[in-house]
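Just need the structure, nothing else, for what follows:
(2 chains)
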Amino acid sequence: MSYFFQQSLNALQLGSIYALIALGYTMVYGILRMINFAHGDLFMVGAFFCFLAATVLHFPFLPTLLVSMAGVAFLGVIIERLAYKPLRQAPRVSAVITALGVGIFLENLILAIDPYPKHVPLLIGNTTWDLLGVSVSSLQVLIIALSLGLMLMLDFIVRRTMVGIAMRAISWDKTIVPLMGVPVNLVISITFALGAGLGAAAGTMYGLAYPVIDPYMGIMVGWKAFISAVVGGIGNIRGAMIGGFILGTVEILVVAYFPSTYKDFVSFALLLVLLIYRPYGILGKPQTQKI
Amino acid sequence: MRIPCSRNIKFLVLIPGGWLLCFLIPRLGILNPYVQLVFIYVGINIILATSLNLINGYMGEFSVGHAGFMAVGAYISSLLTVRVIPASWNPYLFPFALVAGGMGAGLVGLIVAVPSFKTRGDYLAIVTLAFNMIVKSVIENIEAIGGPRGLLGMQKMTTLPWVFFWTVVSIWIIRNFVYSNFGRGVLSIREDEIAGELMGVNTRRVKLLGFVISSFFAGIAGGLFAHNLQFINPRVFDILKSTDILIMVYLGGVGSIAGSIIGAGIYTLLLEYLRFLKEWRMVLMPLLLVFLMLFRPRGIMGLREFKGFVPQYYLSAVELWLARRKKEDVAPSH
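As a prediction, this is how the structure comes out:
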């Protein structure tokens, strides 16, 4: 029984990382109706910025986190301005292919600059407590607490501030909102910055928890996070959070009780089944198509 | 008025001439083996790009997981030649092994076509990408065929004449399919699926057939690829390979067979030419794709086509309609 609780704790940790990255996917889809396939690679760049800040600049934990979040937010805004903004009126095919291209470009850029997997030094003391047979490490608690804190902050921003209201308005109806005096381009850039920043926070924490990072790690983690966004209902922020925890639980359950090589297969099969029978996800609403 | 169909002399001369050349080049050693290898890859990429163009270009769907079909074809044909067929029979049964691989890929294409009935656009892209990952994951989990270590031991049976033969066959079949009576439905799905369905096009059957034909040829290309490289593992057939094929299609021009030929040729040759850049080559390639999407999303050929590929006569359905209209012009009925 304590094995089950131990795995539940692991599932919470993994799920919170997936949820943070899924928020990035969901916010961009909500505003632009575009799936930013490069988001997983922004997560990877966040982990690499954290590595740079920790080893080259020797920052402690909090400045490392802030540096990587700010850096990747900036990168996200640049990518949006250069690659996605010209394609807002183009057919969706172009946007998706461009996103794929940007993702591969980021991976190979980091690979070309320095291809070796990197070891992220531990920036905070790691004490483990034994709680009713479950070993809890302070790193796990930090990850879960920080993720929940960031998600609550995002929820507050989206629901209570003017920027958040503007974001929700744009995702509701994109044509009328600029006529109401909302600076649409600025709000879109802020959305990208927020999403990328959260992805970078996830990257930093992933780098601390599983200390080896390499340029191709963004692919799988990005895809799992995307699946969680779809599970929760893409475009829905609460859905992304729930979906992240669901997918983390599913993956840890597969690893704990089945041969662990099946974890990717189960996640993608779940995605496929969901897309066939309930493509709008758990918290989404079915879209009707006007002829 | 019936436009006389032009029996194109060009093709009757080019195709046997090309095949003869493919026999002579290795025999006489005109080009060095590296250049021959590059041409083999150009041929394989042409088959892949043409088959993907059928779904993405002519049918207007959005399939991003083409490497999955390639993987299925490669593994099935390799397993046949390595484990089932005795070694001395291999050169004679090679085309059958390829076709078997293609049929396996076609069956898998059938499975992928089913979600396409209900989903379009972004969601179909996700479905096909997920399917690509699932294929890779399943292959990695089957220890009997090597799992993540891969499969080796294939004989090098892919030669220039074989590649040329399969390239010509795939272009011929896909071109005939698209310009046939039945294949017109493919274009109607791209233009307006609901209107086509209302006009009586059996969209389900057309989609099934389109996906199956496309994945069949992707499987054949996979088999040729496996027997050229003599080693395959699941990592080769991941999203990077799918993106390669996408670049070729969108570079040359969607909805145009000539476009996929040009795109595959230019992409493969460019990649070989840029080898001196070492690791920065793969940084440049996705940038090329992004620039393409930003500045020329239609590709080099746009939606145009070689004059020789387009048939110079009307379809029989159109002929009947024209004849009926002429009869009504002569004797109008109220």
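
And for whichever residue of the stretch 151-291 of chain A sits closest to chain B, the neighbour number?
Nearest to chain B, among the residues of the stretch 151-291 of chain A, is A:Phe265, at 4.1 Å (Cβ to the nearest Cβ). Where C-beta positions appear, they are placed from N, C-alpha and C, glycine not excepted. Neighbours of A:Phe265 under the rule other Cβ atoms under 10 Å in any protein chain shown: 18.

so it is in which element?
Assignment of secondary structure by DSSP states H and E places A:Phe265 within helix A:263-277.

Kindly report the same for B:Gly101.
Using DSSP H and E, the element containing B:Gly101 is helix B:90-116.

next helix or strand past that helix?
Past helix B:90-116, the next helix or strand by DSSP H and E is helix B:121-141.

how about stretch A:43-56: buried residues?
Along stretch A:43-56, these residues count as buried under the neighbour rule (16 or more other Cβ atoms under 10 Å in any protein chain shown): A:43-54.

Out of the residues you listed, which sit inside strands?
Of those, none are assigned to strands by DSSP state E.

So, low pLDDT: which residues of the chain?
As the question left the chain open, I've gone with chain A. Within chain A, the ranges that satisfy pLDDT under 70 run A:289-291.

hm, I was asking about chain B
B:1-8, B:312-315, B:331-334.

what sits against the residue nearest the centre of chain B?
Nearest to the geometric centre of chain B sits B:Ser51, at 2.0 Å (Cα atoms, centre = their mean). For B:Ser51, the contacting residues are B:66, B:170, B:174, B:213-218, B:221, by Cβ atoms under 8 Å, 6 or more residues apart in numbering or on different chains.

Which helix or strand contains it?
helix B:33-53.

and chain A, which residues reach chain B?
A:35, A:83, A:86-87, A:90-94, A:96-98, A:100-105, A:108-109, A:111-112, A:115, A:219, A:223, A:226, A:230, A:259, A:261-262, A:264-265, A:268-269, A:271-272, A:275-276, A:279, A:291 (Cβ under 8 Å from any Cβ of the partner chain).

Let's see that with 7 Å instead.
A:35, A:83, A:86-87, A:90, A:92-94, A:96-98, A:100-102, A:104-105, A:108-109, A:111-112, A:223, A:261-262, A:264-265, A:268-269, A:271-272, A:275-276, A:279, A:291 (Cβ under 7 Å from any Cβ of the partner chain).

List only buried entries from those residues.
Buried subset of those (neighbour count, 16+ other Cβ under 10 Å): A:35, A:83, A:87, A:92-94, A:96-98, A:100-102, A:104-105, A:108-109, A:111-112, A:223, A:262, A:264-265, A:268-269, A:271-272, A:275, A:279.

by contact count, what packs against the longest helix seen in chain A?
Longest helix in chain A by number of residues (criterion: DSSP state H): helix A:2-32. Counting contacts by 3 or more Cβ pairs under 7 Å, 6 or more residues apart in numbering or on different chains; DSSP states H and E, helix A:2-32 packs against helix A:39-55, strand A:134-137, helix A:138-160, helix A:162-172, helix A:184-209, helix A:217-232, helix A:237-257.

And the strands in the stretch 151-300 of chain B?
B:151-152, B:231-232 (DSSP state E, counting those that start in this stretch).
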